[in-house]
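K.L.:
kindly generate the corresponding structure for this input.
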Amino acid sequence: MPNTTATALVRATPDEVFALLTDVDRLPSWNTELIDVLERPERLLPGTEFVVLMRAAGMTWPSRTRVLEVDATHRRLVYRSVSDDGNPSFTIWTWDIAPHPDGAEVTVAWDPNPRTVLRRCFVVHWRRRCLARQVPRSLQALAAALEPARN
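P.N.:
A predicted model of the protein is given here:
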């Protein structure tokens with residue numbers, strides 16, 4: 001399945017956006033599906049992992065994230081997320097933050113990789129529709145989380 005993207009304009013500097021995006025402790029302040037951070041790394045580096053508690057469609061589950069790339073210079077973050085239940089299915093998330101005359105343009109792409117029949121035939125289609133609604137809401141929340149700092 002091809003990846004899906006969402007883009008939003010955030011009225012903050014690209015560096016401010018990247019700092020919020022890469023602050024694991026602040027993820028629940030703007031990610032509308034994330035309830036809590038259960039395990040956190042000392043520093044966000046390629047290869048580090050953290051675990052968050054997710055919520056969607058009335059269900060909750062732990063999700064393990066492995067950082068693949070974190071580039072503050074180019075303001076790019078790439079990671080792999082997988083439910084922490086042993087299922088081999090995963091999603092690759094890519095965040096790019098670019099300068100914009102009014103702040104920063106944030107683009108997020110997600111590429112689901114279902115590895116079981118159930119997830120390939122059913123869950124991935126349902127999850128794609130959910131994320132098409134939830135990711136833009138999280139981008140709006142990310143922008144709103146930075147607005148108080150701008151005033």
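K.L.:
pretty sure T60 sits against L53.
P.N.:
Yes: between T60 and L53 there is a contact under C-beta atoms under 8 Å: 6.0 Å. Where you see a C-beta, it was placed from the backbone N, CA and C, and this is true even at glycine.
K.L.:
which one of those two has more residues nearby?
P.N.:
Between T60 and L53, L53 has the larger neighbour count (other C-beta atoms under 10 Å), namely 16 against 12.
K.L.:
can I take it that that one is in a strand?
P.N.:
Yes: with DSSP: H, G, I helix; E, B strand; the rest coil as the criterion, L53 is part of a strand.
K.L.:
bridging residues for it?
P.N.:
D36, P62 (DSSP bridges).
K.L.:
can you pull out the low-pLDDT segments for the chain?
P.N.:
Scanning the chain for pLDDT under 70 picks out the ranges 1-3, 115-132, 148-151.
K.L.:
now do 80
P.N.:
1-3, 56-57, 84-89, 113-133, 147-151 (pLDDT under 80).
K.L.:
who's in contact with the residue positioned nearest the centre of the chain?
P.N.:
Taking C-alpha atoms, centre = their mean, the centroid of the chain lies closest to W93, which sits 6.3 Å from it. Applying C-beta atoms under 8 Å, 6 or more residues apart in numbering to W93 gives the contacts 77-81, 108-111.
K.L.:
closest one of the residues you listed to V135?
P.N.:
Each of the contacts of W93 was checked against V135 using C-beta to C-beta; the closest is V108, at 6.1 Å.
K.L.:
how about that closest one, nearest residue that isn't a chain neighbour?
P.N.:
W95 (5.1 Å; C-beta to C-beta, 6 or more residues apart in numbering).
K.L.:
show me what that neighbour is bridged to.
P.N.:
L77, V108.
K.L.:
pretty sure it sits against P14.
P.N.:
No: with contact defined as C-beta under 8 Å, W95 does not count as touching P14 (11.4 Å).
K.L.:
how far out from the middle of the chain is the helix or strand hosting the residue nearest to the centre of the chain?
P.N.:
Taking DSSP states H and E as the definition, one finds W93 inside strand 90-100. Strand 90-100 has its C-alpha centroid displaced from the chain centroid by 8 Å (C-alpha atoms, centre = their mean, to the nearest Å).
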